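1. Pasted the sequence and its predicted model underneath.
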Amino acid sequence: MTEAPVSRIRNFCIIAHIDHGKSTLADRLLQDTGTVAVRDMQEQFLDNMELERERGITIKLQAARMEYIAADGENYILNLIDTPGHVDFSYEVSRSLQACEGALLVVDASQGVEAQTLANVYLALENNLEIIPVLNKIDLPGADADRIAEEIEAIIGLDCSNAIHCSAKTGLGVPEILQAVVDRVPPPPDKVSEPLRALIFDSYYDPYRGVIVYFRVISGSLSKRDKVLLMASQKSYELDEVGVMAPDQRQVDSLHAGEVGYLSASIKAVADARVGDTITLVSNPAAEPLPGYTEAKPMVFCGLFPTDADQYPDLREALDKLQLSDAALKYEPETSSAMGFGFRCGFLGLLHMEIVQERLEREYNLDLIVTAPSVIYQVNMLDNTIMMVDNPATLPDPQKRESIEEPYVKLEIYTPNIYNGALMELCQERRGEFIDMKYITTDRVTLHYEMPLAEVVTDFFDQMKSRTKGYASMEYSLIGYRKNELVRLDVLINGEKADPLTTIVHRDKAYNVGKGLVEKLKELIPRQQFKIPIQASIGSRIIASESISAMRKDVLAKCYGGDISRKKKLLQKQAKGKKRMKAMGKVDVPQEAFMAVLKLNQ
Amino acid sequence: MVPLGDRAGGDAPAPGSASIAAYLSLLLQEIAASPPGPPLATVYFGGGTPSLLTPSQLAALLAALSCRFGLAPGAEISLELDPASFDQDRLAGYLQAGVNRVSLGGQSFDDAVLAGLGRRHRGADLLEAAGWLAKALGGGALSSWSLDLIQGLPGQDLGHWRHQLRQAIALAPPHLSVYDLILEPGTVFAQRHDRGQLQLPDADLGADLMELTWAELSAAGYGHYEISNYALPGHASRHNRVYWSGAGWWGFGMGATAAPWGERLARPRTREAYADWLAQPGSPPASAGHACPGMPLDERLLVGLRRREGVSMPTMLAQVGLGPEALAALRGRLEPWIGEGLLRIEGPRWRLSDPAGLALSNGVLRELLAWWQEQQ
């Protein structure tokens, strides 16, 4: 099975906007090459996590190996490598692109290029990938292939004279795509004789076999009897299995340069085999790892607390398990007087945070309170020490601090130029410093800003999308810390400080945020049998206040004979809903209230 | 018990028609086949349109009950009547047959409201019927009567409601039941509400309306003896008290629910299904014994705390084998309500304050139900 000469291997990925048909096309390629029989076809084979399907996004990468007899009568190995599609996972995208020589750029022929695809196209171009434009959904009445081809040429500068017209749904154009992959994607460089270097582009945790690592062999070869060394983690392992994804895992004896496969080696956690790490042989190690590896660095932090204190051990166990399959997830115990026992957790971004929360609730059946997200602040103390603070509630008092510094990012937004104004306004609101603006085409620009990370990780992404009808996309990278006039904004519910609602904000925005926050909380916290003052304060100074008036009527009008058990059930159901709230002093606060700071603009 | 007619209009059978006679024979069959029990302290003809029964049919039903169970001396025999569904002669017939209490489904004095509720009667019918009842009460033929009113109607304001209450008080009914409008799925109101066409009073106005009811009726001498019931001294409904005390009761007829020995038993809701059910061997099921207070503790608390006098908590807990520790735990759990003065503990007696505590009773009840579920 792996006698394939390097010259007959093609490694490629698909770049597409969410509903432009990436998954349907991938399914179709698997079918047309006979990799998966039609009857075994599960809808959208490549996205196999429940959550991914529901959200219509790819979070984890997957890969599939196909065999294809091309026009020249030769058998080719085509490896399709899938890419995630969210800014939180741009590092993972860059690694999977590095494993390919080509990419299919799939564009809906009725809708045209969506901005979200652009960032990945640019990444692909940077990686010198051969890009094959594919105009999908050509069978739809609204399809206008010529116009869309022109658009791609104008925006990306890609020659579309030989763009493939296709309908992944009907199968039209799919054979042409397969042939184009053979003809136009270059074969991998033949480096079989060099020492082994294989790039990890994905991994996941299997409870029976340990971590399953997906990799692309860049040079040398690997056989199932080898002992391997992971160059970044500096751990070595005896291999249990080496194989290919066809698309189910199938064991092989060896894999050589150019090939894509998986291995298992009783690796205990995905953190030991991180995406971007280089696999080499213990017996004949490569001199240098492959370039581009970086540690997963959590950017956003929040507290996770069980609504029911009895679930704390379950939460710990669930996080332990989740971390086996999520190298980017970091956590440590946190205790709060208001919230009890929980964990302080670090995430790549807001989406990552939401995914972890949803998986904990859904797969581990936990009810959670998630506190407002925060970044890591650097606090310069008067005694010349430095303190890193990832929990606003633990920010030292002003009398002890000399200054606070916050992380800044370089932010690049790709957008049609008609949205320049709206985006510049948004960046301005978010304390962005304009650096420059470059025209990529006559009507597409890149906006370049430097901005506090805290402003980016709240709801910036959603705001950017909504102000540009989804056409803009963004990327950001950390550039360092800067001093700013930051203050701690506390929230008092019924006169008691609510730690989980504490945020760190710029002094100039404190009043607006405080006012917005108390108004939002008034909306989100249900009335209780007494009046509840809600206040925002900086130190001892109240800057905004609202109050939730007392509930005066909560009663069943009528309750006789046959009706009693029905009424009982109704009240029991309501009691269950109440249990999902967290008691802050005397006040029951619902889950969503802890996220109020993210909803100030809604 | 006599779900024959259809209040929202449609083809109700005429009183005394063959259809009613057929249903009556099913009913008599069920009563005769029921296991024996102690004499009945109260009888309530309601649910549906009992006025479709002729006085002699009603007398036959009472005779059947008396024959099967016996009637306790001075038993309260209530009949539900809607204005415009009976006349003075008919009323006299019912009283002669043994009825001594009438519950009048007046709902409102406002013709537009009555039309909106799909009622057949109008304000004038209500006034006329109330006049006959007052006369019967004065003459001693009737021991008591009650008027039903609905508050919290769409578009209702304090002025409108005050006017309604004062008209009711002017009729001097010894008993008043005041209910909130409940949007039952499938009704015209529910459909209009779903379409956003119904302006129901908001939370604050709803509370104001409820407080106004309490203030007006209290001032007129009515005691607030249960969340939705008011009575002049000596006129509290004895039948309701049976439900609320957790004692057992019989229910007969389609859709009726009986709980004579703790287990509740609901009958089929259509005539055909009810007839089939009756035809099955073993229906109605044989009683394990006499009626006894077999209601679970949480339901007894649910109904008990709706009453002005509340419950004797240590006694109730003792009945399920719980002692002072459980009492203390419960007290701790309900501290927020106790602290606000909404739940009063006076010796062994736990009761919701009137009117504020009763108006917020659900909070206390939710806590009690959750506590009881944890005990299980």
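-> Sure, I can see it.
2. Quick one: neighbours of residue B:206, just the number.
-> 20 (other Cβ atoms under 10 Å in any protein chain shown). Using the backbone N, CA and C atoms, a C-beta is placed for each residue, glycine as well.
3. nope, residue A:428 is what I meant
-> 12.
4. check contacts around it.
-> The contact partners of residue A:428, taken as Cβ atoms under 8 Å, 6 or more residues apart in numbering or on different chains, number zero.
5. same deal with residue B:341?
-> B:353, B:356, B:357.
6. Would you mind listing what in the stretch 201-350 of chain B touches chain A?
-> Within the stretch 201-350 of chain B, the positions near chain A by Cβ under 8 Å from any Cβ of the partner chain are B:203-204, B:206-207, B:210-211, B:227-228, B:240, B:243, B:249, B:251, B:256-257, B:259, B:264, B:266, B:295, B:298-299, B:302-303, B:306, B:336-337, B:340, B:342.
7. can I get the contacts of residue B:341 in CSV with distance to chain A, neighbour count and secondary structure?
-> Putting the contacts of residue B:341 into CSV (distance: Cβ to the nearest Cβ, whole Å; neighbours: other Cβ atoms under 10 Å in any protein chain shown; DSSP: H, G, I helix; E, B strand; the rest coil) gives the following:
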residue, distance to chain A, neighbour count, secondary structure
B:353, 11, 17, coil
B:356, 7, 18, helix
B:357, 9, 23, helix
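8. what would those look like in CSV with pLDDT?
-> CSV is the format used below for these (pLDDT from 0 to 100):
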residue, pLDDT
B:353, 96
B:356, 93
B:357, 94
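9. For chain B, give me the ranges with low pLDDT.
-> B:1-16, B:243-248, B:255, B:257-265, B:282-294 (pLDDT under 70).
10. Quick check: phi and psi at the residue positioned nearest the centre of it.
-> By Cα atoms, centre = their mean, chain B has its centre lying nearest to residue B:240, at 6.2 Å. The phi/psi pair for residue B:240 (degrees, to the nearest 10) reads phi -60, psi -40.
11. the strands in chain B, which residues?
-> B:40-45, B:71-81, B:101-107, B:144-151, B:175-180, B:223-226, B:229-231, B:257-258, B:265-266, B:311-312, B:343-346, B:349-352 (DSSP state E).
12. How about the stretch 451-600 of chain A?
-> Here the stretch 451-600 of chain A has its strands, by DSSP state E, counting those that start in this stretch, at A:473-484, A:486-493, A:496-497, A:503-506, A:532-538, A:541-548, A:582-584, A:587-589.
13. Could you list the paired strands of the shortest one along with their orientation?
-> According to DSSP bridges, the neighbouring strands of strand A:496-497, each with its direction, are strand A:486-493 (antiparallel).
14. With the last one instead?
-> Based on DSSP bridges, the strands next to strand A:587-589 in the sheet, each with its direction, are strand A:582-584 (antiparallel).
15. chain center to the partner strand, what's the gap?
-> Offset of strand A:582-584 from its chain centre (Cα atoms, centre = their mean, to the nearest Å): 30 Å.
16. Name the residues of that strand that are buried.
-> Buried residues in strand A:582-584, counting neighbours by 16 or more other Cβ atoms under 10 Å in any protein chain shown, are found at A:582, A:584.
17. and if you look at stretch B:269-283?
-> B:274, B:277, B:278.
18. Stretch B:317-331 now?
-> In terms of neighbour count (16+ other Cβ under 10 Å), stretch B:317-331 has its buried residues at B:317, B:322, B:326, B:327, B:330.
19. Select, from those, the two members most distant in space.
-> Greatest spatial distance among those (Cβ to Cβ): B:322 and B:330, at 8.8 Å.
20. tell me the contacts of residue B:171?
-> Applying Cβ under 8 Å, 6+ apart, the residues near residue B:171 are B:127, B:130, B:131, B:134, B:147.
21. what's the distance between it and chain A?
-> 22 Å (Cβ to the nearest Cβ, to the nearest Å).
22. ditto for residue B:40
-> From residue B:40 over to chain A (counting by Cβ to the nearest Cβ), the distance is 14 Å.
23. So which residues of the stretch 101-250 of chain B form helices?
-> Secondary structure of the stretch 101-250 of chain B (DSSP state H, counting those that start in this stretch): helices at B:111-116, B:123-138, B:158-170, B:188-194, B:203-219, B:238-245.
24. Kindly reformat those helices as TSV containing distance to residue A:489.
-> As requested, these are exported to TSV (distance: least, Cβ to Cβ, whole Å):
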stretch	distance to residue A:489
helix B:111-116	50
helix B:123-138	59
helix B:158-170	41
helix B:188-194	41
helix B:203-219	30
helix B:238-245	51
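25. most neighbours per residue, which of the ones you listed?
-> Ranked by mean neighbour count, the helices of the stretch 101-250 of chain B are led by helix B:238-245 with a mean of 20 (mean count of other Cβ atoms under 10 Å in any protein chain shown).
26. ok so, going back, could you dump the contacts of residue B:171 to TSV with distance to chain A?
-> Compiled in TSV, the contacts of residue B:171 are given as follows (distance: Cβ to the nearest Cβ, whole Å):
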residue	distance to chain A
B:127	25
B:130	22
B:131	27
B:134	25
B:147	15
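27. quick one, phi psi at residue A:300?
-> phi -120, psi 140.
28. And for residue A:424, the neighbour number?
-> As a burial measure, residue A:424 scores 16 neighbours (other Cβ under 10 Å).
29. sorry, back to before: mind picking the one among the buried residues of stretch B:269-283 that's closest to chain A?
-> residue B:274 (14.8 Å; Cβ to the nearest Cβ).
30. That closest one reaches residue B:26, doesn't it?
-> Yes - Residue B:274 is within contact range of residue B:26, at 6.6 Å (criterion: Cβ atoms under 8 Å).
31. Could I get the contacting residues of residue A:134?
-> Counting by Cβ under 8 Å, 6+ apart, residue A:134 touches A:25, A:104, A:105, A:106, A:107, A:163, A:164, A:166, A:173, A:177.
32. Kindly confirm my reading that it forms part of a strand.
-> Yes - remark: residue A:134 belongs to a strand, assigned using DSSP: H, G, I helix; E, B strand; the rest coil.
33. mind listing what residue B:217 touches?
-> B:165, B:169, B:176, B:178, B:224, B:230.
34. Could you identify the most distant pair in those residues?
-> B:169 and B:224 (14.3 Å).
35. before we move on, the earlier item: which among the helices of the stretch 101-250 of chain B is found nearest to residue A:359?
-> Using Cβ to Cβ, the helices of the stretch 101-250 of chain B put helix B:188-194 closest to residue A:359, at 35.5 Å.
36. ok, residues contacting that closest one?
-> B:116, B:117, B:118, B:154, B:181, B:183, B:184, B:198, B:200.
37. hmm, who's touching stretch B:365-376?
-> So stretch B:365-376 is contacted by A:568, A:571-572, A:574-575, A:578-579, B:297-298, B:301-302, B:305, B:322, B:326, B:329-330, B:333-334, B:337 (Cβ under 8 Å, 6+ apart).
38. What segments of the stretch 501-602 of chain A are helices?
-> Along the stretch 501-602 of chain A, counting by DSSP H, counting those that start in this stretch, helices occupy A:507-524, A:564-579.
39. Looking at the strands of the stretch 451-600 of chain A, which one is packed in the most?
-> strand A:486-493 (a mean of 23).
40. what angle separates that strand from strand A:541-548?
-> Angle, strand A:486-493 to strand A:541-548, by axes from the mean of the first three to the mean of the last three Cα atoms, to 10 degrees: 30 degrees.
41. Could you measure from the residue nearest to the centre of chain B over to residue A:275?
-> 70 Å (Cβ to Cβ, to the nearest Å).
42. Same check on residue B:149?
-> 70 Å.
43. for residue A:131, same thing?
-> Residue A:131 is 23 Å from residue A:275, by Cβ to Cβ.
44. higher neighbour count, those two?
-> A direct count of neighbours by other Cβ under 10 Å for residue A:131 and residue A:275 places residue A:275 higher, at 25 against 20.
45. For the closest residue to the more buried one other than its chain neighbours, give me its contacts.
-> In this structure, residue A:275 finds its nearest non-sequential neighbour in residue A:95, 5.1 Å apart by Cβ to Cβ, 6 or more residues apart in numbering or on different chains. Contact analysis of residue A:95 by Cβ under 8 Å, 6+ apart lists A:199, A:200, A:201, A:275, A:276, A:292.
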